[in-house]
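# Sharing a model prediction with you, sequence too.
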Amino acid sequence: MAKLKLGVLISGRGTNLQALIDACADEAYPAEIAIVISNVADVKGLERAREAGIRSLVINHREFESRESFDEAVASALNTHEVGLICLAGFMRLLTRNFVERWRDRIINIHPSLLPSFKGLNVHERVLDAGVRITGATVHFIRAEMDEGPIICQGAMAVSAEDTPETLANRVLEIEHQLYPLAVRLIAEGKVRVAGETVPYVDIGDPGGPLINPRT
Ligand code: GRF
């Protein structure tokens, strides 16, 4: 069967990109990375793509007059590489409503909290300030509003009394690296469908590790 072609959008170090690269290295994995696009030059994520022999390009948002024209350039690159699913992996730009609607339910994002709690930036500081006992990561289809959209799967972990924003970030990141390839696999296998603003549950068995009940 033809593999699902991914376009991975990054702005930085790209550890989630790396998790996808590693997953795609397995012959049996049902997706492949067609193109990596960064809006920032010289970031570690681009080096990871190069090392893996994956095509990458920089589309610097500063060189565009408007959000629309930047998004247009991104869309054109994605179309050239026949991308079927866009994976935002630490991509620090909001996409225009027009772009999001054009790719509706074909753009996913990973966020380091249990959405819909703790949208936005500085998540781990806010998790500690709020005193919540459980945190984690979420993969979701995106909507035009930041960190909104149907949830595909989540992974959870306990917050301990010793945690700092840094230790939380590191432990949540370990979950992210399992969760993102899982979500992409489920989508590529046709197990994920959006109904309204949620993804209905399909039993995929025990995903193992900290990945609790991927609601797919
Ligand atoms: C991750 O924590 C992800 O959840 C968030 O941005 C961070 C990106 O990290 N959206 P990396 O570039 O994948 O290492």
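Sure thing, it's come through.

# quick one: buried residues of stretch 169-179?
Neighbour-count burial for stretch 169-179, counted by 16 or more other CB atoms under 10 Å, picks out 169, 171, 172, 174, 175, 176, 177, 178, 179. Bear in mind the C-beta positions are built from the backbone N, C-alpha and C, glycine included.

# Does that stretch reach the ligand?
Yes. Stretch 169-179 reaches the ligand (CB under 6 Å from any ligand atom) through 173, 176.

# Identify all contacting residues around that stretch.
Taking contacts as CB atoms under 8 Å, 6 or more residues apart in numbering, the residues outside stretch 169-179 that touch it are 15-16, 18-19, 110, 112-113, 124, 135-139, 153-157, 209-211.

# Now, of those residues, which are buried?
15-16, 18-19, 110, 112-113, 124, 135-139, 153-157, 210-211.

# of all the residues in this protein, which ones are close to the ligand?
Applying CB under 6 Å from any ligand atom, one finds that the chain approaches the ligand through 12, 13, 14, 15, 16, 89, 90, 110, 111, 112, 173, 176.

# quick one: secondary structure of the second one?
Remark: residue 13 carries the secondary structure label coil [criterion: DSSP: H, G, I helix; E, B strand; the rest coil].

# And the pLDDT at it?
pLDDT recorded at residue 13 is 97.

# Give me the nearest residue to it, chain neighbours excluded.
Leaving aside its chain neighbours, residue 13 sits nearest to residue 44 (4.3 Å; criterion: CB to CB, 6 or more residues apart in numbering).

# ditto for the last one
Taking CB to CB, 6+ apart, and ignoring the residues beside it in sequence, residue 176 has residue 137 as its nearest neighbour in space, at 4.6 Å.

# Same check on the fifth one?
Leaving aside its sequence neighbours, residue 16 sits nearest to residue 89 (CB to CB, 6+ apart; 4.0 Å).

# what's the answer for residue 114, then?
Sequence neighbours aside, residue 136 is the residue nearest to residue 114 in space, at 4.8 Å (criterion: CB to CB, 6+ apart).

# roughly how far apart are the one you found and residue 172?
Note on residue 136: its distance to residue 172, by CB to CB, to the nearest Å, is 6 Å.

# hey, what's in contact with both of those two?
113, 157.

# Around the residue in the chain that the ligand sits nearest to, how many other residues sit close by?
Nearest residue of the chain to the ligand, counting by CB to the nearest ligand atom: residue 90, 2.7 Å away. Other residues within reach of residue 90, judged by other CB atoms under 10 Å, total 21.
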